[in-house]
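Colleague: following is a predicted model, sequence given first.
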Amino acid sequence: MEQSFGLLFYLKKGRIRSAKEIHIYLRITVNGISTDISTKRKCEPPKWNVSHGRVDGKTEYAKSINSYLEAIQGKVHESKKYLLENDLPITAANIKRILLNKEINQEKRMLMEIFKHHNEQIAALVGKDYSVATLERYKTSFRHTQSFLQWKYNVTDIDIQKLDFEFITEYDFWLKSTRRCDHNSTIKYLSNFRKIVNRCVRNGWLIRDPFLGFKMTKKEVERIALTEFELDTIMKRQFSVERMSIVRDIFIFSCFSGLSYADVKKLKRSEIVIGVDGEKWLICKRQKTNVSAKIPLLPVALSMIDKYADHKQCILQDRVLPVLSNQKMNSYLKEIADLCGINKKLTYHIARHTFATTVTLSNGVPIETVSKMLGHRNLRTTQHYAKILDKKISDDIKVLRSRYTIHSPE
């Protein structure tokens, strides 16, 4: 359905500026996209009324031209009605094709078919251009889109021509209400969906981008990291359950290496190498971004590697550490936080934040070096961690202010 529609008759000046009569053209505009058609008629510029788009006067000449233009305008509205009744896209190009007696391509392109084909291409390129995590992300987005179509329209697929701003806002509402996604997760799923929409736009299947005017801004999330005291408390804690000790050790390894859960889980022994300085380094590609991470290993991280060198699971799977499922790891970390008296929602990803702030930036490691070790694509991503340090500086200064408060003399 069109959002805006316009008709304009105007004189189109040709290359010969001295011509006495100038061609009259019709401009049709739908949703901001225009197309021009020659009316095959001419008019002298002094006799043309720009405001009304007609010839001035009541002469037979003027009546003849104006009557002809009225007939064309009527045909435009008939063409628009034909498109509407036949469930065809109302576009300036389609109206022009009807006026010129040209055939309209009535082939429907279905959203979920295009989405499915996209995901099949991603699957074929896993390990080359894409990671398994990327494929899973689009599979999840596919399922969400399908569920939304069922909820909103009671269909399993929809013609892409029905995609408009309302569709996007309703999808946004469904993700936040029915799926109970937070704002940033909603934007993440909509970003995945937008890639499918962009493919349709670039292929010329969609005239107008339904995301136009829709805000895709994420809310800034405060990144939580462990303090040096909290980190030391976890490291020194003794656990009676072996599985708790293993989870703690793997978590501590990431606190001193900066690797995410996914990267630790797939970390092979062959990825621990001797670096340029003769010390042991960790060199691997991040699963999320496929960017190389090169990290000189600190003594604490090395001690964890040595501790599990003979672990049966590590030997069988050629892995550095015996990593559990992410769900189990986070479950145990919650217990560890409780036992250590840490009032933070401890998840595995906090280890990466702790490496970036408490272990490196707080100890004077340049942000460019930290960014490289974390495998970030650009420095802006790393700068989010620096903001945590700003807060720490602020908190520390508050203590200092209270210590050096100037008291008025009595």
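Modeller: Yep, it's here.
Colleague: list the residues that contact the residue lying closest to residue 243 once chain neighbours are set aside.
Modeller: Distances taken as CB to CB, 6 or more residues apart in numbering place residue 332 nearest to residue 243, at 6.7 Å, with adjacent residues excluded. Where C-beta positions appear, they are placed from N, C-alpha and C, glycine not excepted. Contacts here follow CB atoms under 8 Å, 6 or more residues apart in numbering; on that basis residue 332 touches 243, 244, 247, 324.
Colleague: need phi/psi at the last one.
Modeller: Recorded main-chain torsions at residue 324 are phi -90, psi -180, according to degrees, to the nearest 10.
Colleague: quick check, pLDDT for the residue nearest to it when sequence neighbours are not counted.
Modeller: In this structure, residue 324 finds its nearest non-sequential neighbour in residue 247, 6.7 Å apart by CB to CB, 6+ apart. Note on residue 247: pLDDT of 95.
Colleague: so residue 247 is in contact with residue 326, correct?
Modeller: No - with contact defined as CB atoms under 8 Å, residue 247 does not reach residue 326; the gap is 11.2 Å.
Colleague: okay, now residue 34: neighbour count?
Modeller: Neighbours of residue 34 under the rule other CB atoms under 10 Å: 13.
Colleague: separation between the closest residue to residue 205 other than its chain neighbours and residue 324?
Modeller: With sequence-adjacent residues excluded and distances taken as CB to CB, 6+ apart, residue 205 is closest to residue 109, at 5.1 Å. As judged by CB to CB, to the nearest Å, residue 109 and residue 324 stand 44 Å apart.
Colleague: more crowded one of those two?
Modeller: A count of neighbours by other CB under 10 Å puts residue 324 above the other of residue 109 and residue 324, at 18 against 13.
Colleague: any idea how far residue 252 is from the more buried one?
Modeller: Separation of residue 324 from residue 252 (CB to CB) stands at 15 Å.
Colleague: burial count for the closest residue to residue 291 other than its chain neighbours?
Modeller: Nearest residue to residue 291 in three dimensions, chain neighbours excluded: residue 375, at 4.6 Å (CB to CB, 6+ apart). A count of nearby residues for residue 375, using other CB under 10 Å, gives 23.
Colleague: also residue 380?
Modeller: 9.
Colleague: what do you get for residue 354?
Modeller: 28.
Colleague: may I see the buried residues of the longest strand seen in the chain?
Modeller: Counting by DSSP state E, the longest strand found in the chain is strand 33-43. Neighbour counts over strand 33-43 (16 or more other CB atoms under 10 Å) mark 35, 37, 39, 41, 43 as buried.
Colleague: reformat those as TSV; add pLDDT.
Modeller: As requested, the buried residues of strand 33-43 are exported to TSV (pLDDT from 0 to 100):
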residue	pLDDT
35	92
37	94
39	94
41	94
43	93
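Colleague: spatially nearest residue to residue 9 (excluding sequence neighbours)?
Modeller: According to CB to CB, 6+ apart, the nearest residue to residue 9 is residue 53 (3.7 Å).
Colleague: what ranges of the stretch 1-150 of the chain fall below the confidence cut-off?
Modeller: The stretch 1-150 of the chain contains residues with pLDDT under 70 at 1-3, 15-18, 87, 105-107.
Colleague: helix, strand or coil for the most centrally placed residue in the chain?
Modeller: Centrality entry for the chain: nearest residue to the mean C-alpha point is residue 191, 3.4 Å, by CA atoms, centre = their mean. Here residue 191 is helix, with the state taken from DSSP: H, G, I helix; E, B strand; the rest coil.
Colleague: distance of it from residue 254?
Modeller: 27 Å.
Colleague: again, but for residue 7
Modeller: From residue 7 to residue 254 the distance is 64 Å (CB to CB).
Colleague: please identify which of these two sits among more neighbours.
Modeller: The residue with more neighbours, out of residue 7 and residue 254, is residue 254; 24 against 15, by other CB under 10 Å.
Colleague: what strand or helix carries the more buried one?
Modeller: helix 242-255 (DSSP states H and E).
Colleague: list the contacts for residue 123?
Modeller: Contacts of residue 123 (CB under 8 Å, 6+ apart): residue 135.
Colleague: count the neighbours of residue 401 for me.
Modeller: 9.
Colleague: which helix or which strand is home to it?
Modeller: Per DSSP H and E: helix 379-403 holds residue 401.
Colleague: show me the chain divided up by domain.
Modeller: 5-99, 111-202, 228-399 (automatic domain parsing).
Colleague: closest to residue 209 out of the ones you listed?
Modeller: domain 111-202 (5.2 Å; CB to CB).
Colleague: that closest one spans what distance, first to last residue?
Modeller: In domain 111-202, first residue to last residue: 15 Å (CA to CA, to the nearest Å).
Colleague: and the closest residue to residue 216 other than its chain neighbours, how many neighbours does it have?
Modeller: Once flanking residues are discounted, residue 216 sits nearest to residue 187: 5.7 Å by CB to CB, 6+ apart. Number of residues near residue 187 (other CB under 10 Å) recorded here: 19.
Colleague: just the pLDDT at residue 187, thanks.
Modeller: 95.
Colleague: now it: which helix or strand?
Modeller: Going by DSSP H and E, residue 187 is in helix 183-202.
Colleague: for that helix, name the packing helices and strands.
Modeller: With contacts taken as 3 or more CB pairs under 8 Å, 6 or more residues apart in numbering; DSSP states H and E, helix 183-202 sits against helix 111-124, helix 132-153, helix 165-177.
Colleague: would you turn those into a markdown table with distance to residue 303?
Modeller: Below are the helices and strands packed on helix 183-202 laid out as a markdown table (distance: least, CB to CB, whole Å):
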| stretch | distance to residue 303 |
| --- | --- |
| helix 111-124 | 39 |
| helix 132-153 | 29 |
| helix 165-177 | 44 |
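Colleague: out of the ones you listed, which comes closest to residue 227?
Modeller: That would be helix 132-153 among the helices and strands packed on helix 183-202, by CB to CB, at 30.3 Å.
Colleague: for stretch 143-156, buried residues please.
Modeller: Buried residues in stretch 143-156 (16+ other CB under 10 Å): 144, 145, 146, 148, 149.
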